[in-house]
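1. Below: sequence and its predicted model.
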Amino acid sequence: MKDKENTNTTLLQNKKAFHDFEVLERFEAGLELKGTEVKSCKIRNLSFADAFAKVENGEMFLYNVNISPYDHGNIFNHDPKRKRKLLLHKKEILKIFQKARERGLTVVPLSFYLKNGKVKVQIGLAKGKTRGDKRDNLRKKEDNMAIKRAMSR
């Protein structure tokens, strides 16, 4: 019997989420996907355009994630923009729901990755950044780059 390797392969990173939001807390969740969706994810046919997660009736769902139909699929292909159930423990869902409701936070997907052959999504409790916060972050990045250039010379 062969043990599965514990390798994580990042499929997609949500860079816009880190630009628009300040991520306060992160969670790992599984996704309830159909067969052709898994194949499509593995060949990186994903996009995060304005994706978010929401709790409904004690379950968490992911909205606006576009998983393109699998090229070699047939009648069993899926709807690319359907809502997808996130697989989390009840305590985690309750914790996320309470924090999001209390503080006015939102839940955004941060990355999709493979873990032991299964597609996982990292979600984060996030607070929206203001225009000034974004400028400050940009200024800090530019300053750090200038320091690195000066140190390398």
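-> Alright, I've got the coordinates.
2. Report the buried residues of the worst-scoring helix or strand of the chain on mean pLDDT.
-> With mean pLDDT, DSSP states H and E as the measure, the helix or strand of the chain carrying the lowest mean pLDDT is helix 35-42 (a mean of 84). Of the residues in helix 35-42, those with enough neighbours to count as buried (16 or more other Cβ atoms under 10 Å) are 36-41. In short, each C-beta sits where N, CA and C put it, glycine included.
3. Give the next helix or strand downstream of it.
-> Once the chain leaves helix 35-42, the next helix or strand it forms, by DSSP states H and E, is strand 46-47.
4. on contacts alone, who are the packing partners of that following strand?
-> Strand 46-47 makes packing contacts with strand 8-13, strand 66-67 when contacts are defined by 3 or more Cβ pairs under 8 Å, 6 or more residues apart in numbering; DSSP states H and E.
5. quick one: strands adjacent to it?
-> In the sheet, strand 46-47 lines up against strand 66-67 (antiparallel) (DSSP bridges).
6. what about the partner strand, average pLDDT?
-> Confidence over strand 66-67, taken as the mean pLDDT, stands at 89.
7. Check which element follows it along the chain.
-> The element immediately downstream of strand 66-67 (helix or strand, assigned by DSSP H and E) is strand 84-87.
8. In contact with the residue nearest to the spatial centre of the chain: list those residues for me.
-> Nearest to the centroid of the C-alpha atoms of the chain, with distances taken as Cα atoms, centre = their mean, sits P109, at 2.4 Å. P109 makes contacts with 14, 17, 48, 51-53, 62, 65, 121-124, as judged by Cβ atoms under 8 Å, 6 or more residues apart in numbering.
9. Closest one to E142 out of those, please.
-> Within these, distances to E142 taken as Cβ to Cβ reach their minimum at A17, with 21.0 Å.
10. name the element the closest one belongs to?
-> Using DSSP H and E, the element containing A17 is helix 15-20.
11. ok, residues contacting that helix?
-> With contact meaning Cβ under 8 Å, 6+ apart, helix 15-20 is reached by 23, 48, 108-110, 124, 126, 128-129, 134, 137.
12. send the alpha carbons of it over as PDB?
-> Extracted C-alpha coordinates of helix 15-20, given in PDB (Å, rounded to 0.1, in the frame of the first residue of the first chain):
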ATOM      1  CA  LYS A  15      -4.000  38.600  -6.200                       C
ATOM      2  CA  LYS A  16      -6.800  41.100  -6.400                       C
ATOM      3  CA  ALA A  17      -8.100  40.000  -3.000                       C
ATOM      4  CA  PHE A  18      -4.800  41.000  -1.400                       C
ATOM      5  CA  HIS A  19      -4.900  44.400  -3.200                       C
ATOM      6  CA  ASP A  20      -8.600  45.200  -2.300                       C
END
